[in-house]
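Student: Next comes the sequence, and after it the predicted model I'd like to discuss.
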Amino acid sequence: MRFESIYVSCRSAAFESDAATPWFAPDPFEVKLDGTTVLTGVTKNVFSLFGLEPARDYRVEAAGCTLAFRTRPETALLDVRAYGAKGDGATDDTAAIQKAIDACPAGGTVRIPEGVYESNPIFLKSHLTLVLDKGAVLHGLPDRSQYPILPAYAKDRTGKEALLSGWEGGVFPTNASLLTALFVTDAHIVGEGIVDGGASRSTWWTDPKTPVDGAYRAKGIYFSQCVRVGVHGILLRDTPSWSLHPFFCKQVDYIDMRVENPKDSPNTDGCDPDSCDGVRILGVDFSVGDDCIAIKSGKFELGMTYRTPSENIAIRNCRMADGHGGVVLGSEMSGGIKNLDVKNCLFVGTDRGLRIKTRRGRGSSAVIDGVTFENIRMDGVLTPFVINMYYFCDADGKTPYVWSKDPLPVDERTPRLGRFTFKDVVCTGARVAAGFFYGLPEQPIGSVVLERVSVAFSTDAEAGFPAMMSHLEPMKKHGLFFRFVDSVVMKDVFIAGQDGPEAVFHDVATIMTDRAMDI
């Protein structure tokens, strides 16, 4: 087993193994730093070191592998307590924390030591590292009226009007998030502390789709129009809506952190890259109230106007638990999604595993292509694979234009789904269907390739809906279902415990299998 450095800040570092076992390491191991044991019984493929000194050379040893690395330099270290923060769980520390950030020179670090810091939104700036020590909690105050409203548009670095604030695929004012970065370059949030949005003690989840004072809900950590930003190590929890939301950003890292929200909290997705280029989500543990990872690029107007896809995204060694979907593409994807690789991930108890959702009306720029899911394990996932081109949410989602199975004209409103590859996937405890792939008659799904895929059903499965679309009958222990797909290729695909055939095909142009299947 070999390791490589995947993230280094001035005070932390993260490493990833090349083990083929999703999320978990093949065997527990210890980690030495400069010859001293600092971690024992490590069970994950990604591990981290904190409390490092800036601009220093280190040697790390793990599972027989030795690596040298150097932390980033640091121009200054400012403690928020020196600016008046109390961290006593009672004082409003917003102004003190913001003063420390504003005073920090480029390349400097602001430290939040152990304690509970009650706060309204904090705004980050370029060339800054914010460190939350172990035992530090940044806790969102409950009064929504104290959360500044971000306008939909603002002047960028060049003075040109640019998008600033988004909500569920549109450009709308939103409340600032507990940690917010706007037009920022090279900013990082690291440490073993906690960022707690405080949503459960406020009104954020009450009537969640309705704006208050003209603004939609805050997120957990919000990056807008940023470059080279990252979050490493922290626990993010109890967020008002989407937990991690990078919006029109480039080079974004989420590394070895946890995201936790109650199962019944509305729209508290884990991570939603939105029209972003170059996103890495590595070693992240999700347990949330909606989709764990949902990749987006706007509804019709936003995507067709700016034509900015979410692209070049790597998701590795993550665990997704209890969400609606493990890794989800859409449904707000009118700008397109391309070059996505999901590898070495573990899904536990999500409604769906690998889920693509779109519908007529998302636009001709709504193209998803070049998507690979590899070396995935799923346990207790109701339906492991879903590609649905009839997604029915929102006011227009249940119209005949969306649900009709008759071919309609291909025009500026028609989305397109291209190539999807699923390799080395093992699913146990499935309940509803092994896979559900439903394209448009006028625009079929391009190709679906399944290689070395196995799905085994739970013996006590109950009926449910494999996808969110109108006029769909419930399924229980159904095999693979394909309709309106140009090409299906299956090699070493096995379904066990299903009721009925292993696979059902309707309106599929080309079918290739390496064995005689029950169809």
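Tutor: Nice, I can see it.
Student: going forward, measure contacts between C-alpha atoms and count neighbours the same way
Tutor: Will do.
Student: Show me the helices in the protein, by range?
Tutor: Secondary structure of the chain by DSSP state H: the helices cover 94-103, 300-306, 400-403.
Student: between those, which gets the lowest average pLDDT?
Tutor: Out of the helices of the chain, helix 300-306 stands lowest, with a mean of 88 (criterion: mean pLDDT).
Student: and Ala503, what does it touch?
Tutor: Taking Cα atoms under 8 Å, 6 or more residues apart in numbering, we find Ala503 in contact with 479-482, 517-519.
Student: what's the answer for Lys134, then?
Tutor: 113-114, 191-193.
Student: Please identify which pair of the residues you listed lies farthest apart.
Tutor: For the contacts of Lys134, the farthest-apart pair by Cα to Cα is Glu114 and Gly191; their separation is 11.2 Å.
Student: Need the residues touching each of the two.
Tutor: 132-134.
Student: quick one: which of the residues you listed is nearest to Ala181?
Tutor: Leu132 (16.7 Å).
Student: Surely that closest one touches Gly191?
Tutor: Yes - counting by Cα atoms under 8 Å, Leu132 does reach Gly191; the two are 4.9 Å apart.
Student: what is in contact with those two at once?
Tutor: Residues touching both Leu132 and Gly191 by Cα under 8 Å, 6+ apart: Ile234.
Student: So between these two, which is more surrounded?
Tutor: Ranked by neighbour count (other Cα atoms under 10 Å), Leu132 and Gly191 place Gly191 first, with 28 against 24.
Student: Go ahead and confirm the more buried one touches Gly230.
Tutor: No - counting by Cα under 8 Å, Gly191 stays clear of Gly230, with 11.6 Å between them.
Student: pLDDT below threshold where in the stretch 51-200 of the chain?
Tutor: Along the stretch 51-200 of the chain, the model assigns pLDDT under 70 to no residue.
Student: quick one, what contacts the closest residue to Ala68 other than its chain neighbours?
Tutor: Nearest residue to Ala68, sequence neighbours excluded (Cα to Cα, 6 or more residues apart in numbering): Arg59, at 4.5 Å. Arg59 sits next to 33-35, 66-69 when contact means Cα under 8 Å, 6+ apart.
Student: what do you get if the cut-off is 6 Å, keeping everything else the same?
Tutor: 33-34, 67-68 (Cα atoms under 6 Å, 6 or more residues apart in numbering).
Student: And Lys263, by the same measure?
Tutor: Lys263 touches 288-289, counting by Cα under 6 Å, 6+ apart.
Student: State the phi and psi torsions of it.
Tutor: Torsion angles at Lys263 (phi, psi; degrees, to the nearest 10) stand at phi -60, psi -30.
Student: From Ala321, how far out is it?
Tutor: 10 Å (Cα to Cα, to the nearest Å).
Student: quick one: contacts for Pro246?
Tutor: With Cα under 6 Å, 6+ apart, Pro246 has these contacts: 222-224, 273.
Student: now it, nearest residue through space, not along the chain?
Tutor: Phe223 (4.6 Å).
Student: Leu235 against Ile194, yeah?
Tutor: Yes - here Leu235 reaches Ile194: they are 4.7 Å apart, a contact under Cα atoms under 6 Å.
Student: Surely the residue nearest to Pro246 and Ala181 touch.
Tutor: Yes - proximity of Phe223 to Ala181 meets the contact threshold set by Cα under 6 Å, at 4.8 Å.
Student: So these two - more neighbours on which side?
Tutor: Phe223 (28 against 22).
Student: centre of the chain versus stretch 336-349, how much separation?
Tutor: 9 Å (Cα atoms, centre = their mean, to the nearest Å).
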